[in-house]
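A.B. asks: predicted model and sequence follow; I will ask about them next.
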Amino acid sequence: MALLDWFRQSTPKIETGRISPALIDDTIDYVVKMTDARLTLVNNYRARLQGPVTRTLQHLGTLQQSLPASHEVGPQSWSQDVCMRAFFARPTDLLKAFAQSQGLHDFAAQSSALEPIHTVLAMNLEEQTHFGVGLQGDTMVRDVVQTSLNFSHHRLRLFAHSEKELLHSMSRRLLDELAIIALGRMQAEQDERRELEEHRGLLSARLATFHERGAGVDSFLGEAGDKLSREESGELLHQLESNETHLAALGSPAETLDRQLDYLAEILAEPMRFVKFELHHPHINNMNVVVGENDGGNAIEFGRVSVDRNPPQAHVFVPISVDHALIGDGRRLQLDNAERWL
């Protein structure tokens, strides 16, 4: 069975508050298959992953319960929903984001007009600090440090027919991210081993060549060559010894698999270190400037996911359900008729 087919058929059904032994076993199979199937050769690999996988599943269940509230998005959402008004500068920006989402079009085309569509609105967030006019108590003051929120690069990701199915898809992707981070560590070690082995081969070949041509006293007393000094020969030997020390530290192939299992267990045991989730609910005014809770403005809410990559990545999002009025004939939004909604 192809790897991607296996993923589709074997995705663990992560449920909030329900962690059964079968779910733990399915998740262990999944993360091992996704990183390196040879990890099954390590003694007691399943027992060593059981605790870390359980903690990851508990963490994902907690995240499911603390996600931002879902928003129903329709043609008039920009004027009626303060969050959509904060996320999109103009109503046409909202309409275009849905019109240009090929994923939404494809999912809608394969769905009945009566089936709900749930998805994730993902965005980039830039927080800009500047000086402006603001209230301090009852007094209007100039040169007040202010923060503006600028949401951009809107995209619709993941599609489902129910909120529960969407949450499951999100949790699976977070689990995938943890496996990818572990895989990155494994790859880094393999790259180091490969580089050391290649370097050792080059040094060995060079040293053998110099010995054939003459080394040390052989350069003037022996029968071979004459172009390598004792110092140069000693330096090559020193480099070879250092190289061997580094390779020994990486261990044998069997030890390497054991250490790779440790990488995976470490990441799954503390998932919050590598994939961080924060729920934000600032108060903003009509210019998307952050204000105090008692200084007027409207409260908005969104989630932020930060990923331990190089360089680090962070994105904000809200779950949404799509009003079918946004999907016109041919399952596409008709921008030509957008004016009647605005």
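C.D. replies: Nice, thanks for sending it over. Residues are numbered from 1 along each chain as shown.
A.B. asks: give me the neighbour count for the closest residue in space to Pro319 that isn't next to it in sequence.
C.D. replies: Once flanking residues are discounted, Pro319 sits nearest to Ser70: 4.3 Å by Cβ to Cβ, 6 or more residues apart in numbering. Glycine gets a C-beta too; all of them are placed from N, C-alpha and C. Using other Cβ atoms under 10 Å, Ser70 has 16 other residues around it.
A.B. asks: low-confidence stretches in the protein?
C.D. replies: Segments of the chain classed as low confidence (criterion: pLDDT under 70) are 1-11, 15-17, 131-144, 191-193, 195-254, 328-342.
A.B. asks: quick one, helices of it?
C.D. replies: For the chain, applying DSSP state H gives helices covering 3-10, 21-35, 45-65, 77-80, 82-87, 91-99, 102-109, 163-213, 230-250, 253-269, 271-274.
A.B. asks: helices or strands up against the third one?
C.D. replies: Identification of packing neighbours for helix 45-65 by 3 or more Cβ pairs under 8 Å, 6 or more residues apart in numbering; DSSP states H and E yields helix 21-35, helix 163-213, helix 253-269, helix 271-274.
A.B. asks: dump the ones you listed into a markdown table; add distance to Leu125 and mean neighbour count as well.
C.D. replies: As requested, the helices and strands packed on helix 45-65 are arranged in a markdown table below (distance: least, Cβ to Cβ, whole Å; neighbours: other Cβ atoms under 10 Å):
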| stretch | distance to Leu125 | mean neighbour count |
| --- | --- | --- |
| helix 21-35 | 29 | 19 |
| helix 163-213 | 18 | 16 |
| helix 253-269 | 26 | 18 |
| helix 271-274 | 21 | 16 |
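A.B. asks: ok, the closest residue to Thr129 other than its chain neighbours - contacts?
C.D. replies: Closest residue to Thr129 apart from its sequence neighbours, by Cβ to Cβ, 6+ apart: Thr147 at 5.5 Å. By Cβ atoms under 8 Å, 6 or more residues apart in numbering, the contact set of Thr147 is 127-129, 289-290.
A.B. asks: what does Ser171 give?
C.D. replies: Listed by Cβ under 8 Å, 6+ apart, the contact partners of Ser171 are 14, 60, 63-64.
A.B. asks: longest strand in this structure, by number of residues?
C.D. replies: For the chain, the longest strand by residue count, based on DSSP state E, is strand 139-160.
A.B. asks: can you give me the buried ones in it?
C.D. replies: Residues of strand 139-160 classed as buried under the neighbour-count rule (16 or more other Cβ atoms under 10 Å) are 146, 148-149, 151, 154-156, 158-160.
A.B. asks: ditto for stretch 87-106
C.D. replies: Of the residues in stretch 87-106, those scored as buried under the neighbour-count criterion (16+ other Cβ under 10 Å) are 87-88, 91, 94-99, 101, 104-105.
A.B. asks: can you redo these as CSV with distance to Val275?
C.D. replies: CSV is the format used below for the buried residues of stretch 87-106 (distance: Cβ to Cβ, whole Å):
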residue, distance to Val275
Phe87, 23
Phe88, 27
Pro91, 34
Leu94, 29
Leu95, 32
Lys96, 31
Ala97, 25
Phe98, 28
Ala99, 31
Ser101, 25
Leu104, 26
His105, 30
